[in-house]
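>>> Sequence and predicted structure are below.
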Amino acid sequence: MAIGRRSFIGGAGALIGGTIGGIALADGRPPVTGDQFNEMLLRNRTAQRFNCTMIRPAEEGPFYNPASPLRRDIAERHAGVPLTLRISLGNLGGGIGCTPVSGAVVDIWHANAKGEYSNVGEGLQDRVTAGETFMRGHQLTDATGTVEFETTVPGWEVVSAAPPINFAARTTHIHVKIFHEWQIFDTQLYFGDDLLDGLYAEVEPYRSRNVIRVPGSTQEIKRLRNGDDYSFKRSESTPMTITREGGKLLATAAIGTWGTSNRGIPSFYGK
């Protein structure tokens with residue numbers, strides 16, 4: 001049974017206990033106690049701050065599933081270059097760097113190295129993956145506003161579409177949906193062309209997929225780079241920082257959002 005966005009957000013605090021929507025409040029937020037108020041003041045006075053950049057909202061995309069698993073490792077042993085994805089969420093409203101936002105739900109999903117999404121039915125990609133959960137998961141940000149996922153570098157993708165469009169192609173990207181209190185924020189994260197060019201020149205299964213056949217047809221499409229991707233250009237995105245840590249690729253994204261509340265983020269869409 002699909003879970004609505006309101007139920008998902010309302011139950012965010014219950015995710016640690018393994019349920020979604022279990023403690024949603026019918027009449028809004030519970031009253032604040034004196035201890036909670038003092039803890040809030042102390043937390044904001046002593047909060048670790050970090051540098052982050054405001055990231056613009058982007059479309060959710062057609063393959064979101066609100067029933068994604070609560071987990072760190074989302075690859076499910078699919079082939080691909082191992083990747084640790086570190087996302088930090090901060091509030092830019094304080095005026096001095098970013099104040100971490102803890103307790104936010106960060107939900108991600110992306111294609112595997114072959115350009116396939118999980119939980120996709122007939123008519124979009126060559127393989128039906130209905131009911132599968134690879135490359136999907138969510139976590140709650142910790143006290144530093146951070147979550148980490150273990151996954152693989154996604155592949156670029158081509159899906160079929162009705163005429164006159166016939167197909168939709170995308171550069172390599174990761175979808176992100178963030179829930180905090182009653183707010184929702186969608187964005188997409190990208191990889192630098194230099195990294196991707198190297199993978200598609202030298203590393204399987206990427207190397208075999210520089211050209212993809214449009215599902216259900218004989219038409220073939222060459223791989224899109226960032227500059228050829230409409231969504232990348234429209235959002236004026238900057239690729240993530242990619243380094244190596246412990247012999248594995250590490251992608252980091254420090255997502256900043258505007259806000260004025262010392263509790264966190266009153267609105268993801270402020271300025």
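Good, I have the coordinates.

>>> which stretches of the stretch 151-271 of the chain form helices?
Using DSSP state H, counting those that start in this stretch, the helices of the stretch 151-271 of the chain run over 193-202, 230-234.

>>> Which residues does stretch 244-256 contact?
50-55, 81-92, 98, 153, 176, 178, 187, 189, 191, 240-243 (CB atoms under 8 Å, 6 or more residues apart in numbering). (Glycine included, C-beta is placed from N, CA and C.)

>>> Go through those residues and flag which are in strands.
Among the contacts of stretch 244-256, the residues falling in strands (DSSP state E) are 53-54, 82-91, 176, 178, 187, 189, 241-243.

>>> Out of these, which end up buried?
With neighbours counted by 16 or more other CB atoms under 10 Å, the ones in strands among the contacts of stretch 244-256 contain buried members at 83-91, 176, 178, 187, 189.

>>> Columns distance to L140 and pLDDT on top of those, output as a markdown table?
Listed next are these as a markdown table, based on distance: CB to CB, whole Å; pLDDT from 0 to 100:
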| residue | distance to L140 | pLDDT |
| --- | --- | --- |
| L83 | 21 | 98 |
| T84 | 18 | 98 |
| L85 | 15 | 98 |
| R86 | 15 | 97 |
| I87 | 12 | 96 |
| S88 | 13 | 93 |
| L89 | 11 | 92 |
| G90 | 15 | 88 |
| N91 | 16 | 81 |
| V176 | 14 | 95 |
| I178 | 11 | 92 |
| T187 | 18 | 92 |
| L189 | 19 | 95 |
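
>>> Is it correct that R209 is in contact with G155?
Yes - between R209 and G155 there is a contact under CB atoms under 8 Å: 6.1 Å.

>>> Out of the buried ones among the ones in strands among the contacts of stretch 244-256, which two sit at the greatest distance?
Within these, L83 and N91 form the most distant pair, 26.8 Å apart (CB to CB).

>>> Could you identify which of the helices of the stretch 151-271 of the chain has the lowest mean pLDDT?
The weakest mean pLDDT among the helices of the stretch 151-271 of the chain belongs to helix 230-234, with a mean of 91.

>>> starting at the chain centroid, how far to that helix?
Chain-centre distance of helix 230-234: 17 Å, with CA atoms, centre = their mean, to the nearest Å.
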